[in-house]
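*Asks:* Predicted structure and sequence below. I'll ask about it afterward.
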Amino acid sequence: MGVEQVKHFIFVLMGKSAAGKDTLFQTIMGETNLPLKTVVSYTTRPMRENEREGREYHFCTEEELSAMKRQGRVIECRRYDTVFGPWYYFTADDGQIDLRTSSYLVIGTPDSCASFADYFGPGVIVPLYVAVDDGVRLERALQREREQKKPRYAEMCRRFLADEKDFSQERLESLGITSFYDNNDLRTCADAIERDIAEKIGGQGSH
């Protein structure tokens with residue numbers, strides 16, 4: 001879909017693990033003055049405590065992912081080689097996205113951001129990079145795992161280290177990301193992102 005066919009954008013909220021993306025996402029989507037929709041993506045990883053099918057993710061099998069790939073319905077797909085085996089996170093062209101009528105906010109990574117741009121065309125994707133001090137992120141990640149019935153500490157450490165490569169300076173610059181949103185204070189960070197989104201989609205109406 002070329003940019004000339006759309007009037008709207010996909011804002012991709014990204015950051016290293018435990019940077020607060022989920023909380024920021026929920027905060028921003030709760031702002032009724034922003035005309036944004038979201039997309040429920042898919043994952044093959046096990047469901048965590050307090051998650052629900054169709055809310056955080058659509059939980060599926062690798063076989064279901066393979067079937068959607070054969071049908072040409074996978075927009076972007078990320079594989080993580082975890083200590084429990086490969087886990088996949090992906091976005092499917094399942095009717096949730098219609099750039100002729102709406103703008104969207106999704107959580108992603110540099111790789112998924114690039115895949116969205118390849119699929120929908122130039123000028124549609126707007127990356128929003130969130131950064132937090134590494135020590136703070138590690139504390140948050142540890143606290144999150146402690147709250148699980150079966151904490152996966154080894155996987156937490158693997159993900160923390162893998163982020164250094166996934167979010168390298170070179171990778172971010174390749175996507176045109178030269179600045180970031182500091183999430184040491186949630187409300188301040190959310191306000192800054194909301195202002196930039198509102199400026200980008202100004203005058204396109206409301207929910």
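*Replies:* In hand now; what should we look at?

*Asks:* Identify the residue nearest the geometric centre of this protein.
*Replies:* Ile107 (1.5 Å; CA atoms, centre = their mean).

*Asks:* which SS class is that one?
*Replies:* Secondary structure state of Ile107, per DSSP: H, G, I helix; E, B strand; the rest coil, is strand.

*Asks:* give me the beta-bridge partners of it?
*Replies:* Leu13 (DSSP bridges).

*Asks:* now swap in Ile125 and tell me
*Replies:* Ile10.

*Asks:* Please name the nearest non-neighbouring residue to Arg171.
*Replies:* Excluding its sequence neighbours, the residue lying closest to Arg171 (CB to CB, 6 or more residues apart in numbering) is Pro110, at 4.9 Å. In this view, the C-beta of every residue, glycine as well, is placed from N, C-alpha and C.

*Asks:* burial of the one you found, as a residue count?
*Replies:* A count of nearby residues for Pro110, using other CB atoms under 10 Å, gives 20.

*Asks:* Could you report the distance from it to Asp118?
*Replies:* 13 Å (CB to CB, to the nearest Å).

*Asks:* what's the answer for Lys7, then?
*Replies:* For Lys7, the distance to Asp118 - CB to CB - is 20 Å.

*Asks:* Show me the shaky parts of the chain.
*Replies:* For the chain, the stretches with pLDDT under 70 are 1-6, 32, 203-207.

*Asks:* Next, the contact list for Thr82, please.
*Replies:* Thr82 makes contacts with 45, 155, 158-159, as judged by CB atoms under 8 Å, 6 or more residues apart in numbering.

*Asks:* In those residues, find the pair that's most separated.
*Replies:* Arg45 and Arg158 (13.1 Å; CB to CB).
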